[in-house]
Every structure is written in structure tokens, then in C-alpha cells.
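**Student:** Return atomic coordinates for the entry below.
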Amino acid sequence: MLGIGIVGAGFMSRTHAFGIGELVHGAACVAVTGGSRAPSLAADFGLALEPSLESLLARSDVDIVFLGTPTQVHRDQAIAAAKAGRHVFTEKPIAASLPEIDAMIAACRIRRSINRIRTSSSPIPTPSGCRTSWTRSTRAASPK
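**Tutor:** Model (predicted):
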């Protein structure tokens, strides 16, 4: 079972938490951090509430980090997640500038992490063999 940690507790984080819980077999949201709505997101979906990104990344049950935070903080959060050996799934837009995107990609390559951006037609990294329509994907990708 792949564990997903959610960073940010806005509308898209809630949407993905619901989608993962309902449609993705072999993965589950396990914790959330960030934002004034994090306590209610944690309570509504049975997630652990972490006080910081660092504590979320320190969890041994978090394999993938979903960034549902404002664009201007994606770079630093993605780099921290990659340094912690976690795969990174970023809500769009991925970052505020090309140099920020390059830094995120470089950090993920060094750590052999997957860095994905959600688009309405891109496949979601999910466990091997899993089919999902989480974002209207027609095929599943497997993190390696």
C-alpha cells in the first residue's frame, strides 16, 4: 500500500483526498499538513494531522507527497519532499517560473523521485495495474 501525504487543505486537496479514497486501489491518503482547513480535512478523511511539512516527510508511511498549496511555495516543498526520498505530485501550475521548475526536476532526478503535474489529461502515478478515472485518465502510470 502506497501512503500519500497531502500538503495544503484547500478545495483541490479535498478533491484529491476523496478521489484517492474512492478510486485508487493500492494507495491511501495517510496524513495532511498545512492550511487552516487541515484539521477538518484530517477529520473528514481519517487522516493524521501533522504540524509541519517536515513532520509529514518524516513519516515512514508516506511514499508520495501531493502538493495542493499555492504555486509560489511548490518549488521549496517539492525539493524538500525529493530530498526526503518521496515522490512528488504537484497541483497545477507546477511552479512560478522555468528556473523553479528546473530546480524541482533536478531535485527529483537526483533522488530518483517522480515529479508529476496534474493536468486534465495526464495519467496519475498509481500502483501498478491500477485503473482510475481520478482526473479522467485513460491509463495508469506506475511509480518506479
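**Student:** Tell me if M104 really is in a strand.
**Tutor:** No. Counting by DSSP: H, G, I helix; E, B strand; the rest coil, M104 is not found in a strand; it is helix.
**Student:** What segments of this protein are strands?
**Tutor:** 2-7, 27-33, 48-49, 64-67, 87-90, 115-117 (DSSP state E).
**Student:** Make a markdown table from the ones you listed and add mean neighbour count to it.
**Tutor:** No exception for glycine: its C-beta is placed from N, CA and C like everyone else's. Converted to a markdown table, the strands of the chain look like this (neighbours: other Cβ atoms under 10 Å):
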| stretch | mean neighbour count |
| --- | --- |
| strand 2-7 | 25 |
| strand 27-33 | 24 |
| strand 48-49 | 16 |
| strand 64-67 | 26 |
| strand 87-90 | 25 |
| strand 115-117 | 19 |
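**Student:** what's the least confident stretch among those?
**Tutor:** Note on the strands of the chain: strand 115-117 shows the lowest mean pLDDT, a mean of 61.
**Student:** wait, what's in contact with the closest residue to F18 other than its chain neighbours?
**Tutor:** Leaving aside its sequence neighbours, F18 sits nearest to F45 (Cβ to Cβ, 6 or more residues apart in numbering; 7.6 Å). Contact analysis of F45 by Cβ atoms under 8 Å, 6 or more residues apart in numbering lists 17-18, 21, 29, 32.
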